[in-house]
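# turn this into a structure:
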Amino acid sequence: MNIHMLDTPSLWVDLNQLEANIATLADFFRRSKVDWRPHVKGIKIPAILHKALKAGAIGGTCAKISEAEVMVNGGICDILIANQIVGQRKIDKLARLCQKADVKVAVDHPNNVKQMGVIATQNKTEIGVLIEINTGMNRAGVQPGQPAVDLALLADETPGLNFRGLMAWEGHAVSIENECKKRETISKSVKELHQTIEMVKAANLTMNIVSGGGSGTYSIITSMAILTEVQAGGAIFGDASYCHWGAKTQPSLFVRSMVTSRPDPYRIIFDAGFKALPAWAGQPPIAVNLPGFETFHPSAEHGTVKLTCPNYEIQPGQIFNFIVGYGDSTVFLHDTLYGIRGESIEIAWPISGRGKIH
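Here you go, the predicted model:
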């Protein structure tokens, strides 16, 4: 079966480019002497993480307990949940998952730490925890310095927990286009993280993980010699957003779509709207080999392309590929990701992490 037999719209990945991207990232982190723990929030497929593990990654990063369950059930044995897992039901799931794999989780509040310790003890297991520090993104995370140290001390002395280290995310720097300003912003975050690391060490706490970084910042923060592991995952797909944000990989993720209408010479209507090819986060999708392509705007079931010059040749029924604008907002919309090598469909992966919102 080959790519021309796929119905539209379809999500597919160029396997040669995907594997080249994985090799590029693995080599970068190997040369940088930093561990690689790809985030799978936008990847959703254990088999792709297995490709990264084979290339040298140490494990995976997830955002939800349900997503971590998918990865562990898919044979991934080392997981960081880079998010807070709160409440009896979710912590109980986490404790049970820790009986199957090495699962660590971010914490930023003493009440969460205490409840997690009680539930882990009840389940006769141990949960690894990283203290998440707010280094400027102003989302989750305890404040740097003494507040982080106090929480680390609590985690270290709480039965059922294993204090493993710190986590921070300089996500507020991702979209800064000026390279000097971006580096300056990341450097400020790193300074706060470094000061906290030194204070944790001074408190005689043992830690072996300092986790952070992402596909839009890894090429800068890795050079600052502060992290033991980097969570860059989206760069594996090299979508339009991550390439724009500085990932050193090439596009491998596409949506195949059919022309359904030619209402005028400057406009083409496709069958991929925001249910298949969204454009509401990051960079918009980019049409491949479409003459005069200017913009793509999706509605529910239609994708409208505007052209810079009139085109009378393109007709309804023709098919084009679009570089996905942002994989994190696209992959989870589809049931299947088709792996294409050359023009042959080599594999059809169920997107098993889809819908895992708990």
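
# per-residue pLDDT, residue 1?
Here the pLDDT value assigned to residue 1 is 86.

# that one: neighbouring residues, count only.
11 (other Cβ atoms under 10 Å). For glycine as for every other residue, the C-beta is placed from the backbone atoms N, C-alpha and C.

# for residue 236, see how far away the nearest residue to it once chain neighbours are set aside is.
By the measure of Cβ to Cβ, 6 or more residues apart in numbering, the closest residue to residue 1 outside its immediate chain neighbours is residue 345, 4.7 Å from it. Remark: distance between residue 345 and residue 236 (Cβ to Cβ, to the nearest Å) = 20 Å.

# for residue 222, give me its contacts.
Listed by Cβ atoms under 8 Å, 6 or more residues apart in numbering, the contact set of residue 222 reads 28, 29, 32, 34, 213, 230.

# the last one pairs with what?
Applying DSSP bridges to residue 230 gives these bridge partners: residue 36, residue 212.

# surely it touches residue 37?
Yes - under the criterion of Cβ atoms under 8 Å, residue 230 makes contact with residue 37 at 7.0 Å.

# list the residues that contact both of these two?
Common neighbours of residue 230 and residue 37 (Cβ under 8 Å, 6+ apart) are residue 211.

# who has more neighbours out of residue 345 and residue 236?
Taking neighbours as other Cβ under 10 Å, residue 345 and residue 236 compare with residue 236 leading, 31 against 19.

# quick one: the more buried one from residue 61, how far?
Separation of residue 236 from residue 61 (Cβ to Cβ) stands at 12 Å.

# shared neighbours of these two, anything?
residue 38.

# contacting residues for residue 295?
Counting by Cβ under 8 Å, 6+ apart, residue 295 has contacts 284, 305, 306.

# actually residue 20, sorry about that
Contact analysis of residue 20 by Cβ under 8 Å, 6+ apart lists 249, 250, 252.

# tell me which of the residues you listed fall in helices.
Residues of the contacts of residue 20 located in helices (DSSP state H): none.

# related to what we said a few turns ago, which of the three states applies to the residue nearest to residue 1?
Three-state call for residue 345 (DSSP: H, G, I helix; E, B strand; the rest coil): strand.

# all helices of this protein, in order?
15-32, 46-55, 65-73, 88-98, 110-122, 146-157, 179-202, 218-221, 240-244.

# pull out the buried positions in the fifth one.
Applying a neighbour-count criterion of 16 or more other Cβ atoms under 10 Å, one finds 112, 113, 115, 116, 117, 119, 120, 121 buried in helix 110-122.

# contacts only, for the closest residue to residue 253 other than its chain neighbours.
In space, and not counting its chain neighbours, residue 253 is closest to residue 237: 4.1 Å by Cβ to Cβ, 6+ apart. By Cβ under 8 Å, 6+ apart, the residues touching residue 237 are 13, 18, 21, 42, 43, 249, 251, 252, 253, 324, 327.

# the same query, at a cut-off of 7 Å, please.
Contacts for residue 237 were tallied using Cβ atoms under 7 Å, 6 or more residues apart in numbering; they are 252, 253, 327.

# looking at those residues, which is nearest residue 89?
residue 327 (29.5 Å; Cβ to Cβ).

# what about that closest one, how many residues nearby?
Other residues close to residue 327 by other Cβ under 10 Å number 28.

# closest one of the contacts of residue 237 to residue 134?
residue 327 (26.0 Å).

# state the number of residues packed around the closest residue to residue 133 other than its chain neighbours.
Of all residues not flanking residue 133 in the chain, residue 168 sits nearest, at 4.6 Å (Cβ to Cβ, 6+ apart). As a burial measure, residue 168 scores 30 neighbours (other Cβ under 10 Å).
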